[in-house]
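[1] Output the structure for:
(one chain, ligands or ions: 2)
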Amino acid sequence: MHAAFPADDLFSQGPRILIDDAEGGCWYHPNFIDPARAADWFEQLRDAIEWRQQSRPMYDRVVDVPRLTSGYALDGAADLPPALAQAHAAVCALTGVPFTHVGCNYYRDGNDSVAPHNDKLATLIPGHPIVLLSLGDARRMEIRAKQPPRNVVRIDLEAGSLLSMSHAMQHGYDHGIPKSKHAVGPRISLAFRVRPPKDSR
Ligand SMILES: O=C(O)CCC(=O)C(=O)O
Ligand SMILES: [Fe+2]
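    Numbers count the residues shown, from 1 in each chain. Ligands and ions are numbered 1, 2, ... in the order given. Okay, here's the model as predicted:
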């Protein structure tokens, strides 16, 4: 199944296409979750998820990843925090995509970030999108073409929004969330993916 583009609901607040391609490209859907529920999910997930501090080798040092992370298989086996199960159901219902895994990111403040990257192709099934649900304070994502002139799309990922990126896009574009120069509160993102079975945890 290809990346689904949600039916246009006739309101200007509906999905907006940012990048077009043969697999649904990249679209942004603000207000997918209403503000009260988004705030409730943020608080539940901040407290219920076992956030981990990962570290990575960088040159001759080992450095902390500049955000907290976690992840869950969505195969029905894990005891998911209720808000995560509800978010999974809502995102699958809108997109029709059978997501098997959710990666969770916790950006504690404006110093937390994710460096420009494309999602690892070996851990994704081709044809399915990656869908990001944002909660908490908005952060700006930069999506940049890998080829010159390296055009960039900037989009503020607001609480309750969805951003969908096609699998195909991972070849041609990087995405990242730079540090914020302005004071900003915490943000949680849920990254829904369809992974090959051996990688689904
Ligand atoms: O926090 C986000 O919205 C982006 C996270 C991301 O790119 C990732 O987890 O691969
Ligand atoms: Fe990513």
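[2] Residue 100 against residue 193, yeah?
    Yes - look at residue 100 against residue 193 with C-beta atoms under 8 Å: they come within range, at 7.2 Å. In this view, the C-beta of every residue, glycine as well, is placed from N, C-alpha and C.
[3] So for those two, which residue has more residues nearby?
    Between residue 100 and residue 193, residue 193 has the larger neighbour count (other C-beta atoms under 10 Å), namely 24 against 19.
[4] and that one, what does it touch?
    The neighbours of residue 193, taking C-beta atoms under 8 Å, 6 or more residues apart in numbering as the test, are 99, 100, 101, 102, 103, 119, 123, 124, 128, 130.
[5] ok, now which ones touch the last one?
    Pointing back at residue 130 there. For residue 130, the contact set (C-beta under 8 Å, 6+ apart) comprises 119, 124, 164, 165, 167, 170, 191, 192, 193.
[6] what subset of the residues you listed is also close to ligand 1?
    119, 191 (C-beta under 6 Å from any ligand atom).
[7] Looking at the contacts of residue 130, which one is closest to residue 85?
    When the contacts of residue 130 are compared for distance to residue 85 (C-beta to C-beta), residue 192 wins out at 12.4 Å.
[8] Alpha carbons of the one helix or strand that closest one maps to, in PDB - could you do that?
    Per DSSP states H and E: residue 192 is located in strand 187-193. Provided in PDB are the C-alpha atoms of strand 187-193 (Å, rounded to 0.1, in the frame of the first residue of the first chain):
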ATOM      1  CA  ARG A 187       8.100  18.400  23.100                       C
ATOM      2  CA  ILE A 188       7.400  14.800  22.500                       C
ATOM      3  CA  SER A 189       7.300  13.300  19.000                       C
ATOM      4  CA  LEU A 190       5.900   9.900  18.100                       C
ATOM      5  CA  ALA A 191       7.400   8.400  14.900                       C
ATOM      6  CA  PHE A 192       5.200   5.700  13.500                       C
ATOM      7  CA  ARG A 193       6.900   3.300  11.000                       C
END
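[9] can you offset everything so residue one is 58?
    Understood, numbering begins at 58; the last thing we discussed is strand 244-250.
[10] Just checking: what are the partner strands of that strand?
    strand 158-164 (antiparallel), strand 187-193 (antiparallel) (DSSP bridges).
[11] any idea where the strands of the chain begin and end?
    73-76, 83-86, 112-115, 118-121, 125-130, 158-164, 171-174, 187-193, 196-202, 209-214, 219-222, 230-234, 244-250 (DSSP state E).
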